Each structure stands twice: as structure tokens, then as C-alpha cells.
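[1] I would like the atomic coordinates for the input below:
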Amino acid sequence: MSISRRFFLKQAGAITLGFTGLQSIMVASGGFSSRFAAQPESGGYGPLKRDPDGIFDLPEGFRYTIISRHGETMDDGLRLPHRPDGMAAFPGSNGRTVLIRNHEVSAGADPEEGPFDGRPSNLLSQIPASSIYDPGRGTPALGGTTNLVYDTRRQEVISQHLSLAGTIRNCAGGPTPWNTWITCEETVQRADDRHEVDHGYVFEVTAHEEPRLVHPVPIKSMGRFNHEAVAVDPDSGVIYLTEDRGDGLLYRWIPNRPGDLLAGGRLQALVVRDHASMDTRNWGDGPDLVPGDRFEVTWMDLENIDAPDDDLRLRGFDQGATRFARGEGMWFGNGAVYFACTNGGDARKGQIWSYTPSPNEGTSREEEQPGVLELFVEPNDATVIENADNLTVSPWGDLIVCEDGSGEQYLVGVTPEGELYKFGRNAMNGSELAGATFSPDGSTLFFNIMSGLTLAVTGPWKSA
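    Predicted coordinates for the structure are as follows:
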């Protein structure tokens, strides 16, 4: 079972198609206008129908199935952890789908949120200590990832199990072209009287179907900071990383051997050329940016990347790196990297940026044709999209964006022409939506409600 490069590029290319259409509207209008909020259904599936069970509202003809719940016993005998977050879908054996799902369980969380408490004691004792990144001083760290195997033809769960153990606040991440998921710790928790080791790293998880744990090796050459998401360029093997801080940086990691994360690499931060220490947040502390603004960039090497004092972003900015507002969801597609800054923009409702790599990215010749950073989207209107976080793309090119705002939480669709529509609403509570991803066969949209549910949605999807 291995993901093909064709599948990876198909997914990535479709996401860019959605953004390209969105950009054309943004540049023409100078930003989102009220007409988009007034016509939210023009490119979508019609009005949302109230769910009689009070879980999730969807358009006519669509249905959801709750495929897993926090606390249920998995096939390995452990309990499904709480706070499901970032997620990706991979092709499995016999046409199945393998979901790799993060669990953003924090340091010091109630043991009820993790996979171990309340389980028969012999289950934990049978797990080798080497399979748990942080065994803890009494209780292991409670985050990690789970793999869920799903049959879209029968719309049923085959199995689910813990795949990475002993990490903390696994927030987002990103898929690789070689059939793995890079999961990110959104924390800089230090070793203390509860934790045996430092946290704040990224780990690699395979899309395996059998119940087992991957060997938890932190990829320390990618730095220690509040990691959020990653995107992999399948041509160069360069990996881009976001940082969920109000004053974070955008990073790239140049591998020593593309595809071999444990072989090490070099961590750098983006610098806007001729604008040292530029602030892109549009909070009044930097240039007044508008969608369509483009900048050539350089990249600076970073030192002391393990950053025991959590000061990597501060040192980088002082040395000329560019500042961003809470970098979160990220994806590579059609030669560009797109990433969301959740509370960037004048109204702090979010921005979406794009970065087009140099044809010579990561080599000594890249200054001949520098990479280009562009402000792609800045809505400044909560009725359009409020604080975009995770996002994915449908097989026909529409984006599906997860909101993480202050009020009701929606899945918002964006057509390639830039029309926006509400595709779904969390009718159960105000919990953040996360991890939206389509099955490889395009039949099923999966996503998480972070209060503890994973849902699968089917219906009359548009054609590609």
C-alpha cells in the first residue's frame, strides 16, 4: 500500500484551482464585498436543512454518519483520545481509505482525555516503553494520532487504533508524497515533574492498517516551536512549516535526502527581500497590505533551532525574518504553497497567503529567480469566513474550509470562481471544526468536531 505521486499531485492541484479562482475575485474587487455574504448559496448546494438530531446541518440530499466518538474502545483495546484535530486521507488496501487523525490533548489534561486511563492495566504494560515518546512520570503524555480504516463502498469503519503515543497537542500537520503523515506538536512544553522529555517537535506516521504504534522519533532538525502545519513540495522535497503564534514565522526545511526525514536537514525562515523584519499582519505595525501584493523573498538560516527558551521566532524576526499572524492550515498545490493566518488582517478575521517557490528552490541558484510571497485573501468579514483554519479541496475544485471563530462554526465552500457558500453547520455546540479531507475515491468528506466526534458525509457531490 503506497500513495502514488499522481494521487498526491491530483489533490494538491485541485486545491490550487480553488484558490486561483478565489484570487481572481479578490484582485478584481480589492477584497471580499457584502455581495458575497448576501449570496452565500449561489455556488453551493442550497440552504442548510436543520438536523432533527441537533448534530450537524447539511444541504438537502446530504447525510452524515458519526464514525467514531471520543472514549470508545478501539481495536487495540485502548480508548479513542479526545480533541480530534488535523487529519488526512490516504488510499489503503482493497479500495479502503486510511485516515490519520491528530488528537490535540494538552499537557496536564484529565487522563480521561487520553487512550490509557481506565483501560486494563495489562494493556499499557504490554506496550514497550520505546513506543511511547513521553512515558511521563506516572501517566504517559496523552496526545498522539490514531489511524482509522474506512470502507467507503459500504460506508463503515473497519478498524481504528492508536498509531503514535506519548506526544502533546497534536494539532495539524500534512501528508507526504510517500504515504505518511507529518504530525505537529503545538506546544513548547518542557520536561518537568510530570513529563520526562521536552516537547515541541514533529513526528512521522505511516498510513498502516494493522494495529501498531510507530516508533516515536522527533524530527528535531525541523525545530522546536509551536508547530501547526506542514506542506511538502513533491519535486524538491522541501518542507514548509507554519507556527501558531501571533508573531510567528514561516519556515522551510531543506532535507539532506529528500523523502528521508530522519537524515536531517536545514531549517530556515522566510525574509521579504528589501523589507527586513516585515510585519504582514495588517495590524497597523507594518505596511498596509492588500490582496494581490507580491514580494520576492530570500531565506535565512536559523541557529539554536531547539530553542529551549521558545525564542526562535523572536531571534529570527530581529535578524530580518518576516512576521505572520498565527500561521495554521497549509497545503502545497500546482507549484505553490498556500497557508492560512487565522487572525491576520485589519479585522483579525484571517488571511490566506501563497508562496511560489523558485525554480531553483533550496539551491545556490535560487536568487536568480527568487520565490514569491503573495497576499491571496483577506476577508475582514466574519459573514464570509471567520478565522479560517484547516482546509481541504473537493475532487471538483471547491475548497472546504473549517472555521475556528467566536460564534457558530461552519464548513464553508469556495468555488473556483470565488463564490462562497455555507456547506455545513455545527448544530451541536460551538466546538471548532477541523481535519476536513476527502476520501481518495471522492465519495466521502471526513471531518472532526473537536468536542469528540469524527463524521463522514456523503451526498450528490458535483462532478469533477
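[2] For Gly44, which three-state class applies?
    coil (DSSP: H, G, I helix; E, B strand; the rest coil).
[3] Near it, how many other residues are there?
    21 (other Cβ atoms under 10 Å). Glycine gets a C-beta too; all of them are placed from N, C-alpha and C.
[4] What segments of this structure are helices?
    Taking DSSP state H to define them, one finds helices in the chain at 5-29, 34-38, 121-125, 312-318.
[5] weakest of these by average pLDDT?
    The minimum mean pLDDT among those belongs to helix 34-38 (a mean of 29).
[6] how far away is the residue most central in space within the chain from Gln160?
    Closest to where the C-alpha atoms of the chain average out (Cα atoms, centre = their mean) is Ala172, at 3.8 Å. Counting by Cβ to Cβ, to the nearest Å, the separation of Ala172 from Gln160 is 20 Å.
[7] Tell me which residues touch Leu453, please.
    Leu453 is in contact with 55, 66, 68-70, 84, counting by Cβ atoms under 8 Å, 6 or more residues apart in numbering.
[8] Strands along the stretch 301-450 of the chain, start to end?
    327-333, 336-341, 351-356, 372-377, 388-393, 399-403, 410-414, 420-426, 433-438, 445-449 (DSSP state E, counting those that start in this stretch).
[9] So which bits of stretch 43-59 are buried?
    43-45, 48, 51, 55-59 (16 or more other Cβ atoms under 10 Å).
[10] Quick check: the farthest pair among these?
    Largest separation among those by Cβ to Cβ: Gly43 and Ile55, giving 25.3 Å.
[11] got any ranges where the protein has weak pLDDT?
    Low-confidence segments of the chain (pLDDT under 70): 1-42, 117-122, 333-334, 416-418, 464.
[12] contacting residues around the biggest strand by length in it?
    Determined from DSSP state E, the single longest strand within the chain is strand 156-165. Contact partners of strand 156-165, identified using Cβ under 8 Å, 6+ apart, comprise 67-68, 74-76, 78, 80-81, 96, 100, 115, 127, 131-133, 140, 144-151, 170, 183, 203, 205-206, 208-209, 211-214, 216.
[13] Give the buried residues for it.
    The neighbour-count check on strand 156-165 (16+ other Cβ under 10 Å) flags 157-165 as buried.
[14] With stretch 256-275 instead?
    Here stretch 256-275 shows 258, 261, 265, 267-272, 275 as buried, counting by 16+ other Cβ under 10 Å.
[15] if we can go back for a sec, so the residue nearest to the centre of the chain touches Glu185, yeah?
    No: using Cβ atoms under 8 Å, Ala172 is not in contact with Glu185, being 10.5 Å away.
[16] Could you check how far the residue lying closest to Trp178 once chain neighbours are set aside is from Cys184?
    Leaving aside its sequence neighbours, Trp178 sits nearest to Gly259 (Cβ to Cβ, 6 or more residues apart in numbering; 5.5 Å). According to Cβ to Cβ, Gly259 stands 19 Å off from Cys184.
[17] next one: Asp293
    Per Cβ to Cβ, Asp293 is found 28 Å from Cys184.
[18] Of those two, which one has the most company?
    Each of Asp293 and Cys184 has its neighbours counted (other Cβ under 10 Å); Cys184 has more, 30 against 14.
[19] check contacts around that one.
    Contact partners of Cys184, counting by Cβ under 8 Å, 6+ apart, are 86, 170-173, 202, 227-230, 241.
[20] And the furthest pair within those?
    Asn170 and Leu241 (14.6 Å).
[21] circling back: ok, of the buried residues of stretch 43-59, which one's closest to Gly237?
    Closest to Gly237 out of those is Gly43 (35.9 Å), distances taken as Cβ to Cβ.
[22] just checking, the closest one touches Leu420?
    Yes: using Cβ under 8 Å, Gly43 is in contact with Leu420, at 7.4 Å.
[23] anything in contact with each of those two?
    Gly413.
[24] Next, count neighbours for the residue nearest to Phe332 when sequence neighbours are not counted.
    Residue nearest to Phe332 in three dimensions, not counting chain neighbours: Ala231, with 4.0 Å by Cβ to Cβ, 6+ apart. Using other Cβ under 10 Å, Ala231 has 26 neighbouring residues.
[25] Same question for Ala129.
    So Ala129, with other Cβ under 10 Å, has 8 neighbours.
[26] Check the contact between it and Gly166; I expect there is one.
    No: contact between Ala129 and Gly166 fails when scored by Cβ under 8 Å: they sit 9.4 Å apart.
[27] List the residues that are in contact with both of these two.
    With Cβ under 8 Å, 6+ apart, Ala129 and Gly166 have common neighbours Pro135.
[28] What residues does Arg69 make contact with?
    Arg69 makes contact with 80, 452-454 under the criterion Cβ under 8 Å, 6+ apart.
[29] Relative to Gln189, how far out is Val197?
    Taking Cβ to Cβ as the criterion, Val197 is separated from Gln189 by 9 Å.
[30] Over to Leu267?
    For Leu267, the distance to Gln189 equals 20 Å [Cβ to Cβ].
[31] cool, Gly237 as well?
    From Gly237 to Gln189 the distance is 30 Å (Cβ to Cβ).
[32] Show me which of the two is the more surrounded one.
    Taking other Cβ under 10 Å, Gly237 and Gln189 do not tie; Gly237 has more neighbours (22 against 19).
[33] ok, the nearest residue to that one once chain neighbours are set aside to Leu213 distance?
    Computed as Cβ to Cβ, 6+ apart, the closest residue to Gly237 that is not its neighbour in sequence is Pro258, at 2.6 Å. Separation of Pro258 from Leu213 (Cβ to Cβ): 26 Å.
[34] thinking again about what came up before, out of the strands of the stretch 301-450 of the chain, which is closest to Asn282?
    Asn282 sits nearest to strand 351-356 of all the strands of the stretch 301-450 of the chain, at 7.4 Å, using Cβ to Cβ.
[35] what's in contact with that closest one?
    19, 23, 240, 250, 270, 280, 282, 297, 324-325, 335-341, 344-345, 371-378, 388.
[36] List only buried entries from those residues.
    For these, a burial check counting by 16+ other Cβ under 10 Å picks out 19, 23, 240, 250, 270, 280, 282, 297, 324-325, 336-341, 344-345, 371-378, 388.
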